[in-house]
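Student: One predicted model, sequence on top.
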Amino acid sequence: MIVLRNLVKRYGAVTAVDGLNLEIRSGEVVALLGPNGAGKSTTIDLLLGLARPDEGSATLFGMPPATAIARGKVGALLQSGGLLPDLTVAEIVELTASLHGKARPVPEVLRRAGIADLAKRRIAGLSGGQQQRVRFAMALVADPELIVLDEPTTGLDPEARRAFWSAMHEETAQGRTVLFATHYLDEADAYADRIVFMRAGKVVADGTASQIKGLAAGRTIRATLPGADLAALAALPGVDQAEGRGEAVLLTCHDSAAALRALLAATDARDIEVTGRGLEDAFVALTLEGAAA
Ligand SMILES: Nc1ncnc2c1ncn2[C@@H]1O[C@H](COP(=O)(O)OP(=O)(O)OP(=O)(O)O)[C@@H](O)[C@H]1O
């Protein structure tokens, strides 16, 4: 559905996107994650045809982006712009609908975006979060097969974020493909089937949330073990490092199952907890790797 081949975009001395390759298949929900300035928004601009690549190509549905968009196959929610302040909420969504051959009924779309009660309000008087929901309604109204969202929940309060994702869930249950850029690790973890991690204009990791978390290597075992011999624990199979914490020990492991078996066989450890690393650890690890490179 989306094919990006060797995409390069330069702004003067800055290479915002640096030889990016990405394919997204129909029905996938993909998060584009990465630190500030990684090139997420530029990638979205290139795939929507809003910026021209210096090298490489972007195709949507096998067509140039502008053609796919003109056919109403793509709905997009961008970070800013796109709202005419003097129109009412219903008017701007109707105007967007009128630009497309097929469109969903406007009242249904306003309900889905949680703004049915704002239909007669002028855009200029809305809060930032309410305007963001209007953009969401505009993205949905053409009944697109692909929805592209650049940081869709920025400016939304926690309840509005939850409502937004619940609405998105209903949309994806109908088989839509979604690509969203986000800074919120919990959103990528909870809502994406696949996370594409970008850094310095390149894709540096691509997989399910648990595969990406796995890149922050290993799990931690915590157990109560008074008077532990830390050197002996560090030498157990599967263990990389052993640290003391009062009466407890903390084992960093590359193979937690082997470490657990050995720990139980060799010691009287009790109150044992095994925890995986989170997406935050992976985010920091992937970002720092780049800083060191
Ligand atoms: N119009 C522009 N002119 C000059 N530089 C730009 C322009 N747009 C982006 N850049 C630069 O390209 C790089 C990538 O920016 P981009 O906005 O794509 O990153 P991002 O991952 O979306 O960041 P953020 O998470 O902060 O929104 C940054 O260094 C940015 O300063």
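Tutor: Sure thing, it's come through.

Student: which element is E108 on?
Tutor: Using DSSP states H and E, E108 falls within helix 106-112.

Student: Mind listing what's buried along that helix?
Tutor: Residues V106, V109, L110, R112 are the ones in helix 106-112 that count as buried (16 or more other C-beta atoms under 10 Å). For every residue, glycine as well, the C-beta is placed using N, CA and C.

Student: can you give me the strands in the stretch 51-200 of the chain?
Tutor: All strands of the stretch 51-200 of the chain, identified by DSSP state E, counting those that start in this stretch, fall at 55-60, 74-77, 146-150, 177-182, 194-199.

Student: Can you lay out those strands as JSON lines showing distance to the ligand, mean pLDDT and mean neighbour count?
Tutor: Shown next, in JSON lines, are the strands of the stretch 51-200 of the chain (distance: least, C-beta to the nearest ligand atom, whole Å; pLDDT from 0 to 100; neighbours: other C-beta atoms under 10 Å):
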{"stretch": "strand 55-60", "distance to the ligand": "14", "mean pLDDT": "96", "mean neighbour count": "18"}
{"stretch": "strand 74-77", "distance to the ligand": "14", "mean pLDDT": "89", "mean neighbour count": "23"}
{"stretch": "strand 146-150", "distance to the ligand": "7", "mean pLDDT": "93", "mean neighbour count": "23"}
{"stretch": "strand 177-182", "distance to the ligand": "6", "mean pLDDT": "94", "mean neighbour count": "24"}
{"stretch": "strand 194-199", "distance to the ligand": "6", "mean pLDDT": "92", "mean neighbour count": "24"}
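
Student: Mind picking the two most distant members of the buried residues of helix 106-112?
Tutor: Greatest spatial distance among the buried residues of helix 106-112 (C-beta to C-beta): V106 and R112, at 10.6 Å.
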